[in-house]
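Colleague: Structure for this input, please:
(2 chains)
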Amino acid sequence: DAGVIQSPRHEVTEMGQEVTLRCKPISGHNSLFWYRQTMMRGLELLIYFNNNVPIDDSGMPEDRFSAKMPNASFSTLKIQPSEPRDSAVYFCASSKTEVSYEQYFGPGTRLTVT
Amino acid sequence: AQSVTQLGSHVSVSEGALVLLRCNYSSSVPPYLFWYVQYPNQGLQLLLKYTTGATLVKGINGFEAEFKKSETSFHLTKPSAHMSDAAEYFCAVSDRASGTYKYIFGTGTRLKVLA
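Modeller: Sure, this is the predicted structure:
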């Protein structure tokens, strides 16, 4: 199994630009989670999908952030416009919730907004 | 509401010494508990989990944890620390009370292993 795949691994962009982060969950997994990790705030859940439907987006910081899951094998997290305070590592995780609750994390995308 | 508390944001042990990382939880329903490890510049990797059954669970890399309901604890231990164990460790509880599959994560404990 390839594990959770995230792209790009690193992204450097200027303030005001649009940023799109991508995630491919493990095949057969039906839940997908987007997290953000910073030194100041630790690990934060941004949004959670189950069977491609957003279940809880209470962690999305503001309207500049949006996430989609058009099918079971792909999700995007978009920031528009980006700001320096969005600089963080963004993780995607997936799980097969009917079997167990364990989440499998991708390697993360390190975003730097200058 | 469910919550997780990790005591000690930084723990240092000598190589070969016992590793003990503390995790206490609060849950209104029988908890599902997890320990994850994060090595520098990597994602989180599952070390071990407790859902039901045996309260002493063994994980990868020689780690184990014991679920103690009376103490609401799920401390992580390893008999003998190795230099490669230096990493950040996160305890998590599944937010089953909300009917979702979300995790509530602790704030993490950074383990340093001294030669």
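Colleague: A:Gly28 against A:Ser94, yeah?
Modeller: No - using Cβ atoms under 8 Å, A:Gly28 is not in contact with A:Ser94, being 9.2 Å away. Every C-beta, even on glycine, is put in place using the N, C-alpha and C of the backbone.
Colleague: Same drill for these two, tell me which one is more crowded.
Modeller: Neighbours per residue (other Cβ atoms under 10 Å in any protein chain shown) separate A:Gly28 from A:Ser94, with A:Ser94 holding more: 25 against 11.
Colleague: interface residues of chain B facing chain A?
Modeller: Contact residues (Cβ under 8 Å from any Cβ of the partner chain) of chain B with chain A: B:32, B:34, B:36, B:42-46, B:49, B:51, B:90, B:94, B:96, B:100-103, B:105, B:107-108.
Colleague: could you flag which of the residues you listed are buried?
Modeller: For the residues of chain B next to chain A, a burial check counting by 16 or more other Cβ atoms under 10 Å in any protein chain shown picks out B:32, B:34, B:36, B:43-44, B:46, B:49, B:90, B:94, B:96, B:101-103, B:105, B:108.
Colleague: Among those residues, name the ones in strands.
Modeller: B:34, B:36, B:44, B:46, B:49, B:90, B:94, B:103, B:105 (DSSP state E).
Colleague: now the second one, which residues is it bridged with?
Modeller: Think B:Tyr36. Under DSSP bridges, the beta-bridge partners of B:Tyr36 are B:Leu46, B:Phe90.
Colleague: Could you pick out the residues of chain A near chain B for me?
Modeller: Close to chain B, as judged by Cβ under 8 Å from any Cβ, chain A has residues A:4, A:31, A:33, A:42-43, A:45, A:48, A:50, A:55-56, A:91, A:93, A:95, A:97, A:100-108.
Colleague: hmm, 6 Å instead?
Modeller: For chain A, the contact set with chain B under Cβ under 6 Å from any Cβ of the partner chain comprises A:31, A:42-43, A:48, A:91, A:97, A:101-102, A:105-108.
Colleague: Of these, which belong to strands?
Modeller: A:31, A:42-43, A:48, A:91, A:105.
Colleague: Which single one of the residues you listed is nearest to chain B?
Modeller: Of all these, chain B sits closest to A:Phe105, with 3.8 Å by Cβ to the nearest Cβ.
Colleague: so who does the closest one touch?
Modeller: The contact partners of A:Phe105, taken as Cβ atoms under 6 Å, 6 or more residues apart in numbering or on different chains, are A:91, A:93, B:43-44.
Colleague: Same question for B:Leu20.
Modeller: B:Thr77.
Colleague: Now the phi/psi pair for the residue nearest to A:Phe74 when sequence neighbours are not counted, please.
Modeller: Using Cβ to Cβ, 6 or more residues apart in numbering or on different chains and skipping residues adjacent in sequence, the residue nearest A:Phe74 is A:Lys24, 6.0 Å away. Main-chain torsions, A:Lys24, degrees, to the nearest 10: phi -120, psi 110.
Colleague: Give me the contact list for whatever helix or strand B:Leu111 lives in.
Modeller: Secondary structure from DSSP states H and E places B:Leu111 in strand B:109-114. Contacts with strand B:109-114, where a contact means Cβ under 6 Å, 6+ apart, come from B:6, B:8, B:10-12, B:14-15, B:21, B:81, B:83, B:85-86, B:88-89.
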